[in-house]
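*Asks:* Have a look; sequence and predicted model below, questions after that.
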Amino acid sequence: MVLSCQMIAPIIDELAKQYASKIRCLKLNTDESPYIATEYGIQSIPTVMIFKRGEKKDIVIGAVLKSMLIATIEKYLDW
């Protein structure tokens, strides 16, 4: 059985490379860092949070299509 966070991890890695000059991608293992997960209100995994200048702007929950992640990222890019 493949967990949804394992399904989305390669997509996140790919997007990190694709947008390397525009965004920074960080991963958090909620089992290893439960206090951080609680601080950010993470209740389901995978959870992708979009921050801009330190402010949380958007959240995507669940194993979603790459196109949805791209659309979410691009909403917050300053071209």
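*Replies:* Yep, that arrived.

*Asks:* use CA for all of it now, contacts and neighbours both
*Replies:* Noted.

*Asks:* which phi and psi does Gly62 have?
*Replies:* Here the main-chain torsion angles of Gly62 (degrees, to the nearest 10) amount to phi 100, psi 170.

*Asks:* The spatially closest residue to it that is not a sequence neighbour: neighbour count?
*Replies:* Nearest residue to Gly62, sequence neighbours excluded (CA to CA, 6 or more residues apart in numbering): Pro46, at 5.1 Å. Other residues within reach of Pro46, judged by other CA atoms under 10 Å, total 22.

*Asks:* ok, now which ones touch Pro46?
*Replies:* Ser4, Cys5, Ile8, Ile61, Gly62, Ala63 (CA atoms under 8 Å, 6 or more residues apart in numbering).

*Asks:* Show the pLDDT at the third one.
*Replies:* Which is Ile8. Note for Ile8: predicted pLDDT of 92.
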